[in-house]
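*Asks:* got a predicted structure plus its sequence, pasted below:
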Amino acid sequence: MKPSAALPFLPYVLGLVIGAAITLDRLPGLIMSRAMDRIEALGAATGSVRHAPRVTAENQTIVRASPDILYSICLFDLADGPIRVDATWPADGNYASVSFFDANTNNFSVVSDRDVDDVSTSISLARRFESFAPGQTDESAWSPTQTGLILYRRVIDASTDLDIAETERQDFTCTQMADQ
């Protein structure tokens, strides 16, 4: 094939490459921004926790959310400095985790009850290269973006005392470290 025969395909290939780059670079941020706006509209202001009701067929808003998991969510904005995240782990031995997602939907850190030996954990969340006083928390997480969300998940089963599980879940908090 002559080089001149490939010229008609050049705009198509160039458009394909540019379209793919834009999709991979911008689409995750748009998805997360929309999700965060929806979560905020449900009552989770930035820096506060929303403890979602137990998932049932009647109240399911997320496709395929598990009815065997209690969910809590915290939107974060690190503009005012680091955030302290506290979680109490299940006394019944069921799994629980705190997952951190950046503004582009990337899961950049997870801490679970299987990772720690204590009944509770405090995690400092800050931007990369931001400093904060050491020793204030058990763990540290470094966010690649200024905003994002933190998801607490706690597994329940038929033997779970839901009142105890709810009390433990209420101990999941997100607060500005400067406010403490």
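*Replies:* On my side now, so go ahead.

*Asks:* for the longest helix along the chain, the averaged confidence score.
*Replies:* Taking DSSP state H as the criterion, the chain has its longest helix at helix 10-41. Average pLDDT, helix 10-41: 77.

*Asks:* could you do stretch 104-119 as well?
*Replies:* 90.

*Asks:* residue 71: neighbouring residues, count only.
*Replies:* Residue crowding around residue 71 was assessed by other CB atoms under 10 Å; the count is 18. Using the backbone N, CA and C atoms, a C-beta is placed for each residue, glycine as well.

*Asks:* doesn't it belong to a helix?
*Replies:* No: using DSSP: H, G, I helix; E, B strand; the rest coil, the secondary structure at residue 71 is strand, not a helix.

*Asks:* against residue 73, how distant is the closest residue to it other than its chain neighbours?
*Replies:* Among residues not flanking residue 71 along the chain, residue 52 sits closest, at 4.6 Å (CB to CB, 6 or more residues apart in numbering). Note on residue 52: its distance to residue 73, by CB to CB, to the nearest Å, is 7 Å.

*Asks:* hmm, residue 105 is touching residue 30, no?
*Replies:* No: using CB atoms under 8 Å, residue 105 is not in contact with residue 30; the gap is 9.8 Å.

*Asks:* looking at these two, which is more packed in?
*Replies:* residue 105 (16 against 11).

*Asks:* give me the distance between the more buried one and residue 158.
*Replies:* Residue 105 is 33 Å from residue 158, by CB to CB.

*Asks:* now residue 92
*Replies:* 11 Å.

*Asks:* list residues touching both of these two?
*Replies:* Common contacts of residue 92 and residue 158, defined by CB atoms under 8 Å, 6 or more residues apart in numbering, are absent altogether.

*Asks:* these two: who's more crowded?
*Replies:* More crowded of residue 92 and residue 158, by other CB under 10 Å: residue 92, with 15 against 5.

*Asks:* assign a three-state SS to the more buried one, would you?
*Replies:* Residue 92 ends up coil, using three-state DSSP.

*Asks:* got phi/psi on it?
*Replies:* phi -90, psi 0 (degrees, to the nearest 10).

*Asks:* looking at it, it is touching residue 163, isn't it?
*Replies:* No: the criterion here is CB under 8 Å, and residue 92 misses it with residue 163 at 12.0 Å.

*Asks:* thank you kindly, that will do.
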